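Asks: Below is the sequence, then the predicted model.
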Amino acid sequence: STPLLCTTFVRLGPCTERHLVCSVLVMTSALSLVPTAGRAVFNGFKQTASGLHMTMLARFGEHAMFVAGLAAAMPLAYGLKTILALLRGDKISTKLRQLLFWRRKPVRVWIDGCYDLTHFGHYNAFRQARALGDVLIVGLNPDREVIKHKGCAPLMTDEERFMSIDSCKWVDEVVRDVPYVLDVDYLNDVVFGKYKCDYVVHGDDPCLDCDGNDVFATSKAAGKFKEIKRTEGVSTTDL
């Protein structure tokens with residue numbers, strides 16, 4: 001019956017994260033009253049989810065992966081209180097992805113910039129970058145780096161720009177004092193080292209330093225660069 005139960009959840013169709021989580025919570029809470037049966041069903045869910053992992057991703061998309069991942073990743077011993085805390089969190093998607101995709105290492109994405117007068121174009125870049133992985137780290141260039149490479153200071157202060165970025169739902173962490181040019185040492189020690197990012201992301205528009213060199217040349221040479229679409233008609237660079 002376990003495969004049937006798992007398939008039934010998968011075929012529920014598009015639902016919100018909360019609805020899907022609550023459905024499985026009800027089932028696991030009931031099963032926890034009978035430890036032996038509960039553990040057997042959980043193991044069955046785990047086996048079924050593992051077997052259907054790729055098939056469901058292809059056929060049903062993200063919602064199927066959500067259900068299968070939740071069934072496989074949430075042992076009864078994990079605790080209802082902890083799961084409910086996840087549901088009440090402001091960044092539910094991030095925490096749920098970390099819980100659900102236990103079978104693989106989460107993909108961490110890095111994007112950086114000045115982000116002055118933070119606008120739709122910036123947020124659209126964050127959205128696209130986050131879609132390339134599970135965790136998004138945003139690096140913020142300080143005033144001195146912006147002045148050196150762009151010729152003028154941002155209109156917003158460092159703190160104002162930090163707060164604008166940190167409040168974005170697609171951003172998991174903001175790193176301050178990031179150099180405008182990511183050299184080999186900074187990439188290895190900070191981006192790929194400390195923050196364990198898998199890729200550096202930027203828009204498809206040219207990004208040059210004060211000497212006219214490609215800012216992301218080092219990331220590209222390392223094979224760790226991914227490009228996203230720039231939002232046309234929205235820019236504060238020339239202000």
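Replies: It's in. Numbering: from 1, shown residues only.
Asks: Now do the strands in the chain.
Replies: 108-113, 135-140, 173-175, 199-203, 225-228 (DSSP state E).
Asks: of all those, which lies closest to Thr157?
Replies: strand 135-140 (11.3 Å; Cβ to Cβ). The C-beta positions use only the backbone N, C-alpha and C, and glycine is treated the same way.
Asks: right, so of the strands of the chain, which gets closest to Leu187?
Replies: Set against Leu187 and scored by Cβ to Cβ, the strands of the chain come closest in strand 199-203, at 7.5 Å.
Asks: For that closest one, which strands pair with it and how are they oriented?
Replies: Strand pairing for strand 199-203, determined by DSSP bridges: strand 108-113 (parallel), strand 225-228 (parallel).
Asks: Can you add mean pLDDT and give those strands back as a markdown table?
Replies: Converted to a markdown table, the strands paired with strand 199-203 look like this (pLDDT from 0 to 100):
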| stretch | mean pLDDT |
| --- | --- |
| strand 108-113 | 97 |
| strand 225-228 | 96 |
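Asks: possible to save the ones you listed as TSV with distance to Tyr195 and mean neighbour count?
Replies: Formatted as TSV, those follow (distance: least, Cβ to Cβ, whole Å; neighbours: other Cβ atoms under 10 Å):
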stretch	distance to Tyr195	mean neighbour count
strand 108-113	7	23
strand 225-228	16	16
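Asks: Quick one: these as TSV, columns for distance to Cys152 too.
Replies: Putting the strands paired with strand 199-203 into TSV (distance: least, Cβ to Cβ, whole Å) gives the following:
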stretch	distance to Cys152
strand 108-113	15
strand 225-228	26
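Asks: Of the strands of the chain, give the one that comes closest to His149.
Replies: Nearest to His149 among the strands of the chain is strand 108-113 (11.1 Å), distances taken as Cβ to Cβ.
Asks: looking at the strands paired with strand 199-203, which is closest to His119?
Replies: The nearest among these, by Cβ to Cβ, is strand 108-113 at 12.1 Å.
Asks: Was I right to think Lys220 contacts Asp214?
Replies: Yes - with contacts counted by Cβ atoms under 8 Å, Lys220 reaches Asp214, the gap being 7.4 Å.
Asks: give me the number of residues near Val107?
Replies: The local packing of Val107 (other Cβ atoms under 10 Å) involves 15 other residues.
Asks: ok, now how distant is it from Arg144?
Replies: Distance of Val107 to Arg144, computed by Cβ to Cβ, to the nearest Å: 32 Å.
Asks: what does Lys196 give?
Replies: Taking Cβ to Cβ, one finds Lys196 at 27 Å from Arg144.
Asks: Show me the shaky parts of the protein.
Replies: Counting by pLDDT under 70, the low-confidence segments of the chain come to 1-104, 233-239.
Asks: Helices of that one, residue ranges please.
Replies: Listed in chain order, the helices of the chain (DSSP state H) span 2-10, 17-31, 35-60, 62-73, 80-88, 92-100, 120-131, 143-150, 158-166, 184-186, 217-221.
Asks: Okay, buried residues for the shortest one please.
Replies: Right, the one you point to is helix 184-186. Tyr186 (16 or more other Cβ atoms under 10 Å).
Asks: you'd agree Ile165 is up against Asn141?
Replies: No - the criterion here is Cβ under 8 Å, and Ile165 misses it with Asn141 at 11.3 Å.
Asks: More neighbours: which of those two?
Replies: Asn141 (25 against 21).
Asks: was I right about that one contacting Val178?
Replies: Yes - Asn141 lies in contact with Val178 (Cβ under 8 Å); the separation is 5.7 Å.
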